[in-house]
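S.K.: just need the structure, nothing else, for what follows:
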Amino acid sequence: RLNANGTRDTSFNPAVNAGVLAIVVQEDGKILMGGNFDKLLVRLNPNGTLDSSFQPNVTPDYSGGYLGAVTALAIQRNGSILVGGTISFKDAPLQIGVGRLLPNGSLDSSFVPPAYSRGSVVKTISVLPDQSVLIGGCFGLSMAVWVAEHLSPNGERLAKSAYSRLVNPRVFSAAVQSDDKLLLGGIAISDSPGRQNLIRFNTDMSIDTNFALYVDGPVLALAAQAGGKTLVGGAFKSIGGVACTNLALIRDDGSIGQTFSHSFTGTSPIVWAIAPQLDGGVLIGGEFEGMDDRIQKNLVRLYDPTPTTSKIWSDGYSIIWTPESEASLFYDVGFSYSLDSSNWTPLGVAVRQDRSW
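M.R.: Next up, the predicted model:
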C-alpha cells in the first residue's frame, strides 16, 4: 500500500506467498484479495492484518491446464461478494468459475450461475447499475467459445454475449461507460468482423455494431473516467488507425482522444492496470522502464490539474449532490443526515441525473 505521495506505507505488510491478481475494498475499509496463493482468497483488516472471521468457500479448479486462482472480485449493493477465476466451491464442487459469498465467506446458495464446464475461466466481473452481473472469460460451447455472460442479480443467465472461433480467446477487462454501454477488452474476444480485441455492448447486451475500433494488440485494462471518457491500456500500437502505444483515451461516441498521448520505454512495455482516483489522478501499472522521458519503473500517476468542485444543495424539493468527479463513476449514492456528526439517519437512495445525484 502506498501513501498519497507514492511512498510505501510500511505499517501495511500482509504476508502473501504467491501472486495477487484481484483486489477490492469493502465499504468498511476491509480489503478482499484474491490470487494464486495458498488460500486463493483472504480478507484483510484496514491495517493489513488477516481477518480470521472470513473463511471463504473457494477451492482451485486445476482442469483445462489452468492454475487454480481467483482472478476477479466485485461487491454487490447488499455487500455480497462475487468471486471469479479458475475455481470451484467446497459446498458446491460442480459450480465452476463464479460464485457469490456471504460476508463471512460461506457460499450464497441463492446465487445459481449456469453450469460451466471444467476449465472455464472468469477473468473479470462487472456489477451493472441494475445490479445484474457481466462476467468475462472463456466458456466452451461446441465449435465456439463464449467470452461473456450476462447474469441476473441472482446468477440466472440473461444472455450469452459475444463468441469467438479464434484460438484461445481471453477477456481481461471491462468498463461501464457514462451512457451505460459496456466495453470489453482482451485478446481475440470476437471474430466478427475479423479479430477484435475491444468490443462494446449495448444496454441490452447485444454487440454494438456501430462501434468499430480495431486494436492491433491485447487490451488488458479499461477504466471509466470523468466526462464520458474511458482509458484503455494494453500491448498495442494503435486504436482505430490512430497511433497510441499502450495507452489511449476513447470517448463514449467512439472517437479517440488524439491530444492524449503518452509514450513508454522498455523492452516490450505493457500496461496491465489503470485506476482513476477521485481527485483526478490516474494510476498506471504495468511492465515498463519509464513514461514520457521519465525513468519510473512499472507504476506512474497521471494528474489532471484542472480545478474541480463539489457541492450539495437543495431546490426546495430534492437534495442534489454534484460530485467533484463525473457522476457516472458512482454506481450507488445514498443520503443520510446527522445533527451531531455521530448518529446518522438514512434519507434514501439517490438517482443519477446527468452530472448530479
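S.K.: so what does the strand or helix carrying residue 86 touch, helix or strand wise?
M.R.: Under the criterion of DSSP states H and E, residue 86 resides in strand 81-89. In terms of contacts (3 or more C-beta pairs under 8 Å, 6 or more residues apart in numbering; DSSP states H and E), strand 81-89 is packed against strand 31-35, strand 58-60, strand 69-75, strand 98-101, strand 121-127, strand 133-141. For glycine as for every other residue, the C-beta is placed from the backbone atoms N, C-alpha and C.
S.K.: parallel or antiparallel, list what pairs with the third one.
M.R.: Which is strand 69-75. With DSSP bridges as the test, strand 69-75 is paired with strand 81-89 (antiparallel).
S.K.: and for the fifth one?
M.R.: The strands beside strand 121-127 in its sheet (DSSP bridges) come out as strand 133-141 (antiparallel).
S.K.: so for the strand it pairs with, mean pLDDT?
M.R.: Taken as a whole, strand 133-141 carries a mean pLDDT of 82.
S.K.: again with stretch 164-179
M.R.: Mean per-residue pLDDT for stretch 164-179: 83.
S.K.: buried residues, it. List them.
M.R.: For stretch 164-179, burial by neighbour count (16 or more other C-beta atoms under 10 Å) applies to 164, 166, 169-178.
S.K.: nearest to residue 300 among those residues?
M.R.: Proximity of the buried residues of stretch 164-179 to residue 300, judged by C-beta to C-beta, is greatest for residue 173, which lies at 18.6 Å.
S.K.: what about that closest one, distance to residue 135?
M.R.: Distance from residue 173 to residue 135, counting by C-beta to C-beta, to the nearest Å: 13 Å.
S.K.: cool, residue 258 as well?
M.R.: Distance of residue 258 to residue 135, computed by C-beta to C-beta: 33 Å.
S.K.: got it, and residue 177?
M.R.: For residue 177, the distance to residue 135 equals 18 Å [C-beta to C-beta].
S.K.: what do you get for residue 284?
M.R.: For residue 284, the distance to residue 135 equals 25 Å [C-beta to C-beta].
S.K.: these two: which is more packed in?
M.R.: Per other C-beta atoms under 10 Å, whichever of residue 284 and residue 135 has more neighbours is residue 135, with 29 against 25.
S.K.: any low-confidence regions in the stretch 101-250 of the chain?
M.R.: For the stretch 101-250 of the chain, applying pLDDT under 70 flags the ranges 140-144, 226.
S.K.: quick one: the strands in it?
M.R.: With DSSP state E, counting those that start in this stretch as the criterion, the stretch 101-250 of the chain has strands at 121-127, 133-141, 144-151, 157-160, 163-164, 170-176, 182-190, 196-201, 219-225, 229-234, 238-239, 242-243, 247-251.
S.K.: what do you get for the stretch 251-357 of the chain?
M.R.: Counting by DSSP E, counting those that start in this stretch, the strands of the stretch 251-357 of the chain are 264-265, 270-276, 282-287, 290-291, 294-295, 299-302, 311-314, 319-322, 334-338, 344-349.
S.K.: how about these, which one is nearest residue 3?
M.R.: Going by C-beta to C-beta, the one of the strands of the stretch 251-357 of the chain nearest residue 3 is strand 299-302, 12.3 Å.
S.K.: packing partners of that closest one?
M.R.: Helices and strands touching strand 299-302, by 3+ C-beta pairs under 8 Å, 6+ apart, are strand 282-287.
S.K.: quick one, the strand it packs on and strand 247-251 angle?
M.R.: Interaxial angle, strand 282-287 versus strand 247-251 (axes from the mean of the first three to the mean of the last three C-alpha atoms, to 10 degrees): 140 degrees.
S.K.: strand 282-287 pairs with which strands, and in what direction?
M.R.: Assessed with DSSP bridges, strand 282-287 is paired to strand 270-276 (antiparallel), strand 299-302 (antiparallel).
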